[in-house]
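K.L.:
Mind folding the following:
(one chain, ligands or ions: 1)
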Amino acid sequence: MVRIQVSEHRLINIRRSSLCDNCSLHNCTSFIDSRVIECLDFKPVFSVFLKCRECGKIYDPYRSLRSLDYELCPECNHSVNNSPSITFVCRE
Ligand SMILES: [Zn+2]
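P.N.:
Presented below is the predicted three-dimensional model:
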């Protein structure tokens, strides 16, 4: 579970296990016991939009289940994941 501060007095909790855990639809047919990470009918409990720290794009943090850094949009998270953050230097 991730806790994100969206305004001065509001925090939201995002469950990272499945999109369905954060969805307000109750009679949803897409609800299955496996991990759902994308859903067209997804309706978050709160409407929350964050601005990406890197590119300024507005994104929905509920749809960024796989993100490691919730201050970044899914695309910027993706580019962070592609570039190695730790570089090993081998010297004899
Ligand atoms: Zn971004």
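K.L.:
tell me which parts of the chain are close to the ion?
P.N.:
Along the chain, the residues adjacent to the ion under the rule Cβ under 5 Å from the ion are 52, 54-55, 57, 73, 76. Heads up, the C-betas are built off the backbone N, CA and C, glycines and all.
K.L.:
which regions of the protein lie under the pLDDT threshold?
P.N.:
30-32, 80-92 (pLDDT under 70).
K.L.:
Recalculate using a threshold of 80.
P.N.:
Residue ranges of the chain with pLDDT under 80: 6, 26-34, 66, 78-92.
K.L.:
need the strands for it, in chain order.
P.N.:
Along the chain, counting by DSSP state E, strands occupy 2-7, 10-14, 50-51, 58-59.
K.L.:
TSV for these, including mean neighbour count?
P.N.:
Formatted as TSV, those follow (neighbours: other Cβ atoms under 10 Å):
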stretch	mean neighbour count
strand 2-7	12
strand 10-14	14
strand 50-51	14
strand 58-59	15
